[in-house]
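[1] When you get a sec, could you give me coordinates for this:
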Amino acid sequence: MNGLDLREGLVAVSYLVAATLFLLGLQRMASPRTARSGIQWAGAGMVLATVATFFVPGLQNFGLMATAIVLGTVLAWGSGKKVAITDMPQMVALYNGLGGGSAAAIGAVELLRWSDAGAAPSTVVLVLAVAGALIGAVALSGSVIAWAKLDGRMDRRYTFPGQQAFNAAVFLAAVVLGGLVIHALGVPMVVAFFVCALALGVLMTLPIGGADMPVVISLYNALTGLAVAFEGYVLGNEALIIAGTMVGAAGMLLTRLMAKAMNRSLASVLFSSFGASGGGQAIEGTQKPIEAGDVAAMMAFAERVVIVPGYGMAVAQAQHKIWELAQRLGERGVKVRFAIHPVAGRMPGHMNVLLAEAGVPYDLIADMDDINPEFPNTDVSLVIGANDVVNPVARTDPDSPIYGMPILDVNTSKQVVVIKRGRGTGFAGIENALFYTDNTRMLYGDGAEMANALVAELKALDGGAH
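    Numbers count the residues shown, from 1 in each chain. So this is what the prediction gives:
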């Protein structure tokens, strides 16, 4: 075996090991208990695949590659260390978009190179290059819009008459231009194709409301993986093909799970505006305020308490104080559990990340299907920052935009306390009937401040003991 064959063999073996690490890492990410090690395993696989790529025969521009890797590592490390936990959804959306953009860039470079050379590869390679570029460009521009919405830099929803027909026309134009690029390569045609593809991602995401963002983020994650796999085939790189396929499959599965958790089809997410109609029956009654001391006493003498966190807890950075509150109650013999809705927060698993950061044991965290039968036997449900995922109109009002969406049945608890800054609606813009029920009391104020006040009141009940 000559030196060239040996290098190719080592690269192939390295890619196989990297793929195995990707697969094992992805499997471990499925559980909160092993997610951290899963990320480490997948990261090790990516490092191995990156290093192995430097030994691919015929590779050039080592200096540019090394410079890009160093710059990307430094910037990602710095931003990752500084980003607030409340900004995690934005970071995920942005980084996912960059992945799609990288795939689109590969397609652009190859298409322009073939145009300049006046020679095209096989039709299959051309089709995959165009398809990967289209999907990657949509994921890039769509993710940027999702990031802007999540970060508050853009209104949550933009609509105009005939929007879906216009979007369909832009999609058709992108497909036609892609077909023309395949038929006859040319720089102007390639540029026009990418302009249409990027515009399509923007237009697709503009009308999507905030409540659908977990689904949108996971969908664009799937599209990024698919684009990477296609462009990996174009480059003949097995690592990209395997990694992209895994990410695409996982992202599509997660998208289905998120859509199911909201009882919405993917088509309704993409082609309708969630909560835009403002429909639904009028809600009667008044919101009834309560003081922290009364809430503390209510929970201190309860047998079962369920805490339901939402995005408002992340905004208030209240997870540590809420866990301290739970520990205080546990010391008094109160059985405390945390209930997580699949789409609580702004991205899949957002609440799990928050609670893990605070040190909440995994066995105290229950998902929706497990905890819902327990609510009727729950003395107090404490809702902090959650809104749409506990709104009972999803079960009772056929005219409501969220009708049919599975929710946490906190309204069936004996008593409900909601910590909320004010009387505004949730991220979906829908009034919450839970806040007006006879067994619900509203503890108005910042989540962290109210949690701190509850801890202080519990200490006072215990005679100031620490």
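[2] I'd like to know which helix or strand in the chain has the lowest mean pLDDT.
    Lowest by mean pLDDT, DSSP states H and E among the helices and strands of the chain is helix 266-271, with a mean of 71.
[3] how about it: buried residues?
    V269, L270 (16 or more other Cβ atoms under 10 Å). C-beta here means a position set from N, CA and C on the backbone, and glycine is covered the same way.
[4] Make sure A456 is indeed in a helix.
    Yes - with DSSP: H, G, I helix; E, B strand; the rest coil as the criterion, A456 is assigned to a helix.
[5] one step back: got the contact list for the least confident helix or strand of the chain?
    If you take Cβ atoms under 8 Å, 6 or more residues apart in numbering as the criterion, helix 266-271 is touched by Q164, M204, I208, D212, V215, V216, L219, T255, R256, A259, F274.
[6] how's the chain carved up into domains?
    1-82, 85-274, 292-461 (automatic domain parsing).
[7] any chance of those domains in JSON lines, with distance to E284 too?
    Below are those laid out as JSON lines (distance: least, Cβ to Cβ, whole Å):
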{"stretch": "domain 1-82", "distance to E284": "40"}
{"stretch": "domain 85-274", "distance to E284": "24"}
{"stretch": "domain 292-461", "distance to E284": "7"}
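[8] Can you check which of those gets nearest to I283?
    For I283, the closest of those is domain 292-461, at 5.0 Å, according to Cβ to Cβ.
[9] ends of that closest one, how far apart?
    Distance between the two ends of domain 292-461: 12 Å, counting by Cα to Cα, to the nearest Å.
[10] can you tell me the average pLDDT over that domain?
    Averaging pLDDT along domain 292-461 yields 88.
[11] rewinding a little: farthest pair in the contacts of helix 266-271?
    Across the contacts of helix 266-271, the longest distance by Cβ to Cβ is 22.3 Å; it joins Q164 and R256.
[12] what's the longest helix in this structure?
    Using DSSP state H to assign secondary structure, the helix with the most residues in the chain is helix 88-117.
[13] same for that helix, what does it pack against?
    helix 62-82, helix 123-150, helix 187-205, helix 213-235, helix 350-358 (3 or more Cβ pairs under 8 Å, 6 or more residues apart in numbering; DSSP states H and E).
[14] Could you point out which of the domains of the chain sits nearest G285?
    Nearest to G285, of the domains of the chain and by Cβ to Cβ, is domain 292-461 at 3.8 Å.
[15] Any chance of the backbone angles for the residue nearest to the spatial centre of the chain?
    By Cα atoms, centre = their mean, the chain has its centre lying nearest to M347, at 2.8 Å. Main-chain dihedrals, M347, degrees, to the nearest 10: phi -150, psi 160.
[16] Quick check: L443 is in a strand.
    Yes - L443: assigned to a strand according to three-state DSSP.
[17] what comes up buried for the helix or strand where G244 lies?
    Element membership for G244, per DSSP states H and E: helix 238-261. If you call a residue buried by 16+ other Cβ under 10 Å, then helix 238-261 has these buried ones: 238-248, 250-252, 254-256, 258-259, 261.
[18] and the angle for it with helix 123-150?
    Counting by axes from the mean of the first three to the mean of the last three Cα atoms, to 10 degrees, helix 238-261 lies at 50 degrees to helix 123-150.
[19] between helix 238-261 and helix 213-235, how many degrees?
    Helix 238-261 and helix 213-235 are oriented at 160 degrees to each other (the same axes, to 10 degrees).
[20] how much space between A42 and Q319?
    Distance from A42 to Q319, counting by Cβ to Cβ, to the nearest Å: 26 Å.
[21] Between these two, which is the more surrounded one?
    Between A42 and Q319, counted using other Cβ atoms under 10 Å, Q319 has the larger neighbour count: 26 against 23.
[22] ok, that one touching M313?
    Yes - using Cβ atoms under 8 Å, Q319 makes contact with M313 at a distance of 5.9 Å.
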